[in-house]
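J.: Quick check, what structure comes out for this input:
(7 chains)
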Amino acid sequence: MQGQAQQQAYDRGITIFSPDGRLYQVEYAREAVKRGTASIGIRTAEGVVLAVDKRIRSPLLEGTSVEKLHKADNHIGIASAGHVADARQLIDFARRNAQTNRLRYGEPIGVETLTKEVTDHIQQYTQVGGARPFGVALIIGGIENGEPRLYETDPSGTPYEWKALAVGADRNEIQQYLEDNYDEGGDLDSGIVLALEALASVNDGSLSPDGLGMATVDAESEEYVELTKDEIGEYLDDQDLLDEGDDEDDADADEE
Amino acid sequence: MQGQAQQQAYDRGITIFSPDGRLYQVEYAREAVKRGTASIGIRTAEGVVLAVDKRIRSPLLEGTSVEKLHKADNHIGIASAGHVADARQLIDFARRNAQTNRLRYGEPIGVETLTKEVTDHIQQYTQVGGARPFGVALIIGGIENGEPRLYETDPSGTPYEWKALAVGADRNEIQQYLEDNYDEGGDLDSGIVLALEALASVNDGSLSPDGLGMATVDAESEEYVELTKDEIGEYLDDQDLLDEGDDEDDADADEE
Amino acid sequence: MQGQAQQQAYDRGITIFSPDGRLYQVEYAREAVKRGTASIGIRTAEGVVLAVDKRIRSPLLEGTSVEKLHKADNHIGIASAGHVADARQLIDFARRNAQTNRLRYGEPIGVETLTKEVTDHIQQYTQVGGARPFGVALIIGGIENGEPRLYETDPSGTPYEWKALAVGADRNEIQQYLEDNYDEGGDLDSGIVLALEALASVNDGSLSPDGLGMATVDAESEEYVELTKDEIGEYLDDQDLLDEGDDEDDADADEE
Amino acid sequence: MQGQAQQQAYDRGITIFSPDGRLYQVEYAREAVKRGTASIGIRTAEGVVLAVDKRIRSPLLEGTSVEKLHKADNHIGIASAGHVADARQLIDFARRNAQTNRLRYGEPIGVETLTKEVTDHIQQYTQVGGARPFGVALIIGGIENGEPRLYETDPSGTPYEWKALAVGADRNEIQQYLEDNYDEGGDLDSGIVLALEALASVNDGSLSPDGLGMATVDAESEEYVELTKDEIGEYLDDQDLLDEGDDEDDADADEE
Amino acid sequence: MQGQAQQQAYDRGITIFSPDGRLYQVEYAREAVKRGTASIGIRTAEGVVLAVDKRIRSPLLEGTSVEKLHKADNHIGIASAGHVADARQLIDFARRNAQTNRLRYGEPIGVETLTKEVTDHIQQYTQVGGARPFGVALIIGGIENGEPRLYETDPSGTPYEWKALAVGADRNEIQQYLEDNYDEGGDLDSGIVLALEALASVNDGSLSPDGLGMATVDAESEEYVELTKDEIGEYLDDQDLLDEGDDEDDADADEE
Amino acid sequence: MQGQAQQQAYDRGITIFSPDGRLYQVEYAREAVKRGTASIGIRTAEGVVLAVDKRIRSPLLEGTSVEKLHKADNHIGIASAGHVADARQLIDFARRNAQTNRLRYGEPIGVETLTKEVTDHIQQYTQVGGARPFGVALIIGGIENGEPRLYETDPSGTPYEWKALAVGADRNEIQQYLEDNYDEGGDLDSGIVLALEALASVNDGSLSPDGLGMATVDAESEEYVELTKDEIGEYLDDQDLLDEGDDEDDADADEE
Amino acid sequence: MQGQAQQQAYDRGITIFSPDGRLYQVEYAREAVKRGTASIGIRTAEGVVLAVDKRIRSPLLEGTSVEKLHKADNHIGIASAGHVADARQLIDFARRNAQTNRLRYGEPIGVETLTKEVTDHIQQYTQVGGARPFGVALIIGGIENGEPRLYETDPSGTPYEWKALAVGADRNEIQQYLEDNYDEGGDLDSGIVLALEALASVNDGSLSPDGLGMATVDAESEEYVELTKDEIGEYLDDQDLLDEGDDEDDADADEE
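T.: Got it, this is the predicted structure:
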């Protein structure tokens, strides 16, 4: 009880430090990320793979409108998890910065540069008063100087580079699956398969294409490409992961 | 009791995260939507249908002045549910953006584009201090590139695309009715009938034209058209849904 | 008791949502309206009638200075109920907008347009921090395209159009009287009589001209005209509603 | 006790509505007015009379420096009651507006116009955050179009026109005296006498010229004139109201 | 206890009214004045006298640097009591206004004009949020149109004119002494003697020149002149008020 | 308990003083530094050495992306400990200032100058409201006029110059190790070895190159150079400090 | 207990008055000064002496970087005690003002003028909201018109002139020592010796040069000169005050 009272004293206001040096509002924003369905990023030798799990509240909802996969620029894709409306703000910020870079320097923005511009923007919302932190994590993947790169931004505004990672619900379980099965030298196809297997591992072993989104940026074309539902279904079928059942969820949440 | 005390700590201030990552002010704004009467949107092969239930406090009140149906542009209509005065602000915002698009680009604004400009505007009121969120949900329907499109905006600022949806009071029951009866290939007429049947399903099976509003945007003409009270009455009569009885409600509320 | 504690948590700050989606500050502003004496608006076939009940604290107070009837433009009158000083702000706002319309477009402002400009202004005070809502309701009546129009603005910023309505003290009783006795096809005279009878119905059946204000805007002349005390007295006399007794009230209130 | 706790919840912050629609900060500002000594205004057929009671803390205090009577323009005087420093702000505001009117329109400002400019200014301090209301009431008297006019401004920003009124301490008793003895057709002299008698009625029947201030604006000259201590003494002597005794009061208050 | 709880509710925030119409922050600022040592002003027929008591914390402290006597302009001096740093702000404000007056109008500023500019400035800090009131009282003395004038400003922003007054510690006792012994027709010398006697009356009957400051503005020269320590000592010696003993006070206060 | 209640009163708001003169928010920010892994700076006769310990959450995380070593300018490096996103803001600030110095004065910025510009920036966040302090400590090392210089910035904004220091976790133990073993006249190699030994002393005597970062700025070249993982491994092997084991840490923290 | 509760009510917010007229935030800032080690200023016939005691946390810390002695201009030095980062802000402010004075008027700034510009700046932080007071005291010493001058600034913004003074830890004891031993006619050397003896009197009678800083501004050269560690050691040796022992202090404080 003492712990709870102590905690309440620091988490009401805008982000200030607690006596043990934590920023509760940032930690709670991270909880908002966990409330969203999982997103996965995998870096392969041939490019990056992004995969997202979607919560389809109703069969009448157009699954494609559940925005978790975003094209930031020709050569960069972003998968998000957490508060959808917050994600849109960061995606818009990223797109504007990518465009500005092309205009100013006549070349595509680097994946690392873009990531850090986004995280610096996020940090401001954790230090300066008058606003709350962003309740979303992003996986930013793309090609920089011919090399696949994969980054994470979290609600504190810290950038990390990964070989493969998961954000959102069941993060720890999926991350463990990735660590156990990741092969750095794999091709794009193996990355897609790994992503689907990892998602299936926390979904009773099967998935429906309706509730999934996937995209790749391959190192050769340097183009962000989203997979169609049929393509995803084919991969699932090949891996014996296809679930045709009803997958609805009637939660009324802001997070994905 | 613990739950309530914990909750109170996070829902007083402007929108900040609770320890479990929720934004209570946004969730309470969603309650304001539920306090309003239902609105329905249905996408048919021939166009979109909007239908709204109105609370007529007195026979001396002009039902047409209860604003739940709005023309945003020639080719786009909006139905709202929740706080009426908030809805007006968003409708004005949408109209200005639609006009600006025509001026700048010489062409009608896309339904998706307009929806996302509205939701990004809504999101700002959930993150930056000094204002409360909007207590209203919108159904934005129209024609884009010859295709009917139907979107929802909610108080968090998340956009969703739907085949058919309900917002406001009895949302879950009406949505269930729509899921059970929706036919994607139907014509406008069948959409109008479905909307009326869905509303009637939560109103003891009958409706009065005085308490209803309906509009369509058909894919051919790309024109927003509101149905007259007589037209609505005819549809109700045809479907044996007509209620001639007294339908007053003396609640003194800000929501519709 | 639980209810009261819960309520207190949401009604202290600037207008934020309560867990059930209500805006307490707006509801309390509506209480300020009820603290004021009644105002009535009636739309007849020939024009609109505005009638206001005034609280005369002392025989030395000039009743005409108790401002509840206002000319907004030649063709539009406004009756208010609630916080007098707040009403003056909105009246000034309405007058400026009416004048601006004449200057910009060379024609009188529409009654509906004016009403919605006022309600949009009111809404801002319920959403953006740093100010309280307006504690006043307005009845805006006038002629638009030759037709009598009658609107209400309430503290939430919602506009309504009415055939006849009451705001302020005893609203429900007077509104019931109006519903029972309103005749849409009546002339201005019958509207004046109905307004006086409705006010008398909650005043022991008699009224004093000193505590009353009346105005009409008839559809032909399109001119706002206030009735003199004698004219009002004559109407009262004709209807056997005249009260010559002492009508003072020593409440020390800001509302009328 | 419940009442007190409930009250405390609404009177701490800047002016917001209480659940019963009251603005406590405005009501407390009205208490500040009552803490000041009385001021009286009387409208006679020949002009207006202003009379003020002053609290003289020490025989070494120059009574003339206790500011309760102010010349706003040649033809308008103002008597105040309540917080002295707040009164000075409003008087300055009134003087600037009177001067501006002369410069812009080449004619003296109307008494009603000036009053309403002052009350609209006062209202702002009751609605917009970041400041407290003015703790002062003004009696504004002068000549407009040859006619004597007498107005009151109160802390809510409501304007009232009076034949005769009192503000400040013992308001109710003095107002009753005025109601019992006011004669609308009286001359300036009778107004001066009535004012002194009314003040004496709450002062054990006698007054000292040192603690009084009086001014008139007569309808013919349209000039604000302050009475000298001798002139006041003569009136008191004539009416057998003269008190030569010690009248000090060592309260240490901001109100007069 | 009820009284204390009630009081606490109103004195925490920036200056708002308490239920009985008081401004606690202003009253507390007045306590800060009382925490300072006494200052005295005396108006004589020949000019004004200012005298200040100083708290000398240590024999190593330069008594002249304890700022309680200030020259505002050639013809105006100011003695302060209370928060020293606040006094400096007001003195600077007064000096700037005096200089501006000379530049604009080519003549020395009036004592009353200057006083009221200062009090209006003080009032702002009691009404508008974001700052606390000034914790200091000033005695402003000088020559205006050949006449000695003596004013007081207090933390509420109220101006008073005096024949003789004391502010700061022991105000009431010293003021009583002044009332008992003041002679309006006295010369400057008698004013100096009265000031010293009044201060001595609350200091066991004797004073040290080290802890005193004195200044005069005589009506003929219209020049502010500070007395030297020797001159003060001579006066004390003549009146048998000289104390050679140790007068240190090790309080660690911001007030003088 | 008393202590805790007293403390809570001062650490909630933005940085204000506690009764004993402490700034709790600054002290809590210092706790955020301690939550980060250790960083070390060592000044040798030949140049400065920076060494950082990193927390590698997963084998799939790219250790190089855990940003604790930063190049501020050619001749200056910075090691950080604490909140990573805050560190990035300060590093950007430092880089901009270094560049500006080169542009304005055509020469590299001094290490002391740069440090003090950073600490003055940090101090602002501890005094002016509306933001929290920076939760990070920096070690700024470089060459100034041919001499190695080593500085620390802490969350209060105080600059210190050191011969050798540690910040972050286990600061006291590592600092003790440095004090016991530091040799002012050593070369860069000896500095690198001392840093590794000091880190190993709190890590069970062994370290993995994956979790380490090292950089030097030698006095001759005046160039910031980061050591490769292999180079670090070689040093560890030479000193018999190499740990090949699993070094993961699944804490989910914002600090490094 | 009553006292503590009462106190808590006033010391949380930004500087407002307590019921007894105190500014707790200023008093707490003064506690921050006492948390710093002592600084001493002595005015001699030949010039001023500044001496500071430093807390050296570690033998690896460069004692010279502990900033307590500052050159404000050629002819003015400043010693500080309290919050180091706050001191730096005021020193920068003082330096800018000194430079501006040289540029504008072509002559060195007066010591008194500079002091008062600093104290007026400090006062603002005690009256206007949005920032906390400065937690530092300064001793400003220099030559003005050939005369040595010595001033103190404290957190309230009050300026004092001294012959000799101490600020910071053990202020009262050191001040007593100075009062007992100060000789106004001494030369610089005697001032240096007195400062060291005074510091030693609260340090078990001996001092180490490492933990000391000293500077003089002599009246002839008008130049600020810092003594070297060797020079200080020589003085200590001469006076038999030299301590060669370990003087570390591992407090982790922001004050010096």
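J.: just so I have it, where are all the strands in the stretch 101-250 of chain A?
T.: Here the stretch 101-250 of chain A has its strands, by DSSP state E, counting those that start in this stretch, at A:136-144, A:147-153, A:159-161, A:164-167, A:212-218, A:224-226.
J.: Of all the ones you listed, which one is nearest D:Y160?
T.: Of all the strands of the stretch 101-250 of chain A, strand A:136-144 sits nearest to D:Y160, with 56.7 Å by CB to CB. From N, CA and C alone the C-beta is placed, and that goes for glycine too.
J.: what lines up beside that closest one in the sheet?
T.: Strand A:136-144 sits in its sheet next to strand A:76-82 (antiparallel), strand A:147-153 (antiparallel), going by DSSP bridges.
J.: Report the inter-axis angle for it versus strand A:212-218.
T.: For strand A:136-144 against strand A:212-218, the angle by axes from the mean of the first three to the mean of the last three CA atoms, to 10 degrees is 30 degrees.
J.: Nearest to chain G: which residue in chain A?
T.: In chain A, the residue that lies nearest chain G is A:G129 (10.9 Å; CB to the nearest CB).
J.: can stretch A:46-63 be found next to chain F?
T.: No - using CB under 8 Å from any CB of the partner chain, stretch A:46-63 never reaches chain F; the gap is at least 13.3 Å.
J.: For that stretch, C-alpha coordinates in PDB please.
T.: What follows is stretch A:46-63, C-alpha atoms only, in PDB (Å, rounded to 0.1, in the frame of the first residue of the first chain):
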ATOM      1  CA  GLU A  46      18.000  -9.300 -48.400                       C
ATOM      2  CA  GLY A  47      15.900  -6.600 -46.700                       C
ATOM      3  CA  VAL A  48      13.600  -5.900 -43.900                       C
ATOM      4  CA  VAL A  49      10.200  -7.500 -43.100                       C
ATOM      5  CA  LEU A  50       7.400  -5.900 -41.100                       C
ATOM      6  CA  ALA A  51       4.500  -7.800 -39.800                       C
ATOM      7  CA  VAL A  52       1.500  -6.600 -37.800                       C
ATOM      8  CA  ASP A  53      -1.300  -8.300 -35.900                       C
ATOM      9  CA  LYS A  54      -4.600  -6.500 -36.100                       C
ATOM     10  CA  ARG A  55      -7.700  -6.600 -33.900                       C
ATOM     11  CA  ILE A  56     -10.700  -6.700 -36.200                       C
ATOM     12  CA  ARG A  57     -13.700  -5.700 -34.000                       C
ATOM     13  CA  SER A  58     -16.400  -6.600 -36.600                       C
ATOM     14  CA  PRO A  59     -16.600  -8.400 -39.900                       C
ATOM     15  CA  LEU A  60     -18.000  -5.100 -41.200                       C
ATOM     16  CA  LEU A  61     -14.800  -3.200 -40.400                       C
ATOM     17  CA  GLU A  62     -12.400  -2.900 -43.300                       C
ATOM     18  CA  GLY A  63      -9.300  -4.500 -41.900                       C
END
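J.: Tell me which residues of it come out buried.
T.: By neighbour count with 16 or more other CB atoms under 10 Å in any protein chain shown, stretch A:46-63 contains the buried residues A:46-58, A:60-61, A:63.
J.: Alright, calling it a day.
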